[in-house]
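# A structural model of the following input is requested.
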Amino acid sequence: MPIIKSLLETDLYKFTMWQPMLNGMQENQARYEFVCRNRPEFPLSELADEVNAELDYLCTLRFTEDELHYLGSLRYIKRSFVDFLRIFQFQRQNIKVYAEGDVLRITAQGSQIHVMGFEIYVLAIVNELYFRHLSRQNPHINPLKKGRALLSEKINLLQNTLLRQNAHDLKGYPFIFFEFGVRRRFSGEWQEEVVRTLANELPDSFKGTSNVYLAKKFNLTPVGTMAHEYLQTFQAMRGVQLRYFQKVALDKWVQEYRGDLGIALTDVVGMDAFLADFDLFFAKLFDGLRHDSGDPIEWGEKALAHYAKLGIEPSTKRLVFSDGLDIPTALRLHEYFMHRVPTGFGIGTNLSNDVGFTPLNIVMKLIDCNGQPTAKLSDSPGKTLCENPVFLHYLRQVFEK
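Numbers count the residues shown, from 1 in each chain. Below you'll find the predicted structure:
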């Protein structure tokens, strides 16, 4: 059976970024590259033939009418975008996979609206193939048994912590979390079991998943707004001054969604540079901010101080945390902020790939657009990503980092 069986089996934010890019950025040409940030148990280059076979199948898929009806039922998805998806099909010539020594090379290149969608499918495919091989090499490990035991522990921890808070009458904003695990999951089957279990066991706290296919299947809220590639694209847009790329990107988002999908990502060039651009106009229009690198407490304090400086009541906003979270960390952050601001927690790998093996830390990032380099200046040094050191140096100068 193929790993990806439906084009809905991706993160919601791929659709929510795709729509504004289709509306006004059809001419963009882009290149995305696969990167593994940690050391795998065996060379990922050994997976090249199987990845190619999976991509062959992926490029035969089309959205079904039932899937299009579901997407069209989401208030913020426009009919014109659904019409585009009705005729959309990935073009196999736009993605190349090959082995280079021990390194697995994957490059998606072409019209951005035709190649940007490859990312999540590629990451899910590489992960599942890798862990299939690893499971065969370690027959003494039962990953699903281990995963179920660990998931049960997490659910018990959540239930007991929230009961304790209620027993001590700790008034505050409620703990809510989301499953964000498509890109680094152990398998599609395991992610589905995790989401189904969380929905059944924690209905008051578990508020949705980024996996649009599973959100549809289990009648959950699909969750997500924007990722780094959306803002990075504006670094290379013709007619956009680099210093103002974040403002232009945020303004485009506001015009596209007009009040929906109001959580902004803050760490493309770091939190300080983001807040310098996040003026009263944007602070009032966006519902909150998402943390994805750097110290979460420091980040949250900066966000609250910024809202206070602008005279905005924190109770009207939300801080969403999504940087490598596990349940204990999410609970600690919630307890720290629960009396000051509503929070939310997007938990990925620790839910979808905590089964006894070391997860891969893989990404597929936008490297250049319209012939110009793009970069992410993360608040976590290991997450900074750019192929062009000259552009990276220039970006640091522009934003005084």
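
# contacts and neighbour counts: CA atoms only from here.
Will do.

# residue ranges with poor pLDDT in the stretch 301-401 of the chain?
Within the stretch 301-401 of the chain, the set of residues satisfying pLDDT under 70 comprises 381, 401.

# same thing but at 90, please
376-389, 392-393, 400-401 (pLDDT under 90).

# for Q246, what are its contacts?
231, 234, 274, 277 (CA atoms under 8 Å, 6 or more residues apart in numbering).

# Please report phi then psi for the third one.
Here the main-chain torsion angles of F274 (degrees, to the nearest 10) amount to phi -60, psi -50.

# Quick one: the strands in the stretch 1-150 of the chain, in order.
Per DSSP state E, counting those that start in this stretch, the stretch 1-150 of the chain carries strands over the ranges 29-36, 95-100, 103-111.

# Which of these sits closest to K145?
Nearest to K145 among the strands of the stretch 1-150 of the chain is strand 29-36 (27.0 Å), distances taken as CA to CA.

# what lines up beside that closest one in the sheet?
strand 103-111 (antiparallel), strand 362-369 (antiparallel) (DSSP bridges).

# Show me what counts as buried in it.
By neighbour count with 16 or more other CA atoms under 10 Å, strand 29-36 contains the buried residues 29-35.

# Check stretch 100-110 too.
For stretch 100-110, by 16+ other CA under 10 Å, it's 104-110.

# So which of the residues you listed is the closest to L7?
When those are ranked by distance to L7 (CA to CA), A108 comes first, at 17.0 Å.

# quick one: that closest one from E54, how far?
A108 sits 15 Å away from E54, going by CA to CA, to the nearest Å.

# ranges for the helices of the stretch 1-150 of the chain?
Assigned by DSSP state H, counting those that start in this stretch, the stretch 1-150 of the chain shows helices spanning 12-22, 48-58, 65-73, 79-87, 112-115, 118-137, 143-167.

# Dump those into a markdown table; add mean pLDDT as well.
Putting these into a markdown table (pLDDT from 0 to 100) gives the following:
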| stretch | mean pLDDT |
| --- | --- |
| helix 12-22 | 97 |
| helix 48-58 | 98 |
| helix 65-73 | 98 |
| helix 79-87 | 98 |
| helix 112-115 | 98 |
| helix 118-137 | 97 |
| helix 143-167 | 92 |
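
# Turn those into CSV, including mean neighbour count and distance to D379.
CSV is the format used below for those (neighbours: other CA atoms under 10 Å; distance: least, CA to CA, whole Å):
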stretch, mean neighbour count, distance to D379
helix 12-22, 21, 22
helix 48-58, 17, 32
helix 65-73, 15, 34
helix 79-87, 14, 34
helix 112-115, 22, 27
helix 118-137, 19, 23
helix 143-167, 15, 28
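
# Quick one, which of the strands paired with strand 29-36 gets closest to L220.
Nearest to L220, of all the strands paired with strand 29-36, is strand 362-369, at 26.1 Å by CA to CA.

# and the next element down the chain from that closest one?
strand 372-373 (DSSP states H and E).

# Pull the number of nearby residues for the closest residue in space to F175 that isn't next to it in sequence.
In this structure, F175 finds its nearest non-sequential neighbour in S205, 6.1 Å apart by CA to CA, 6 or more residues apart in numbering. When counting by other CA atoms under 10 Å, one arrives at 18 neighbours for S205.

# Ramachandran coordinates for S205?
With angles defined as degrees, to the nearest 10, S205 sits at phi -110, psi -30.

# Quick check: S352 touching R184?
Yes - using CA atoms under 8 Å, S352 makes contact with R184 at a distance of 7.2 Å.

# Return the distance of the nearest residue to R62 once chain neighbours are set aside relative to F245.
Of all residues not flanking R62 in the chain, Q89 sits nearest, at 5.8 Å (CA to CA, 6+ apart). Q89 sits 30 Å away from F245, going by CA to CA.

# Likewise for T343?
As judged by CA to CA, T343 and F245 stand 27 Å apart.

# Could you check which of the two is surrounded by more residues?
Under the criterion of other CA under 10 Å, the comparison of T343 against F245 puts T343 first, with 25 against 19.

# quick one, what contacts the residue nearest to the more buried one when sequence neighbours are not counted?
Spatial nearest neighbour of T343, excluding adjacent residues (CA to CA, 6+ apart): L319 at 4.8 Å. L319 sits next to 288-291, 300, 341-344 when contact means CA under 8 Å, 6+ apart.

# Show me those that map onto strands.
288-291, 343-344 (DSSP state E).

# Distance to K252 added to those residues, as a markdown table?
Below are the ones in strands among the contacts of L319 laid out as a markdown table (distance: CA to CA, whole Å):
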| residue | distance to K252 |
| --- | --- |
| G288 | 17 |
| L289 | 17 |
| R290 | 18 |
| H291 | 21 |
| T343 | 25 |
| G344 | 25 |
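
# H393: which of those is nearest?
Comparing the ones in strands among the contacts of L319 against H393 with CA to CA places H291 closest, at 23.9 Å.

# thinking again about what came up before, isn't the residue nearest to F175 right up against E179?
No - using CA under 8 Å, S205 is not in contact with E179, being 11.3 Å away.
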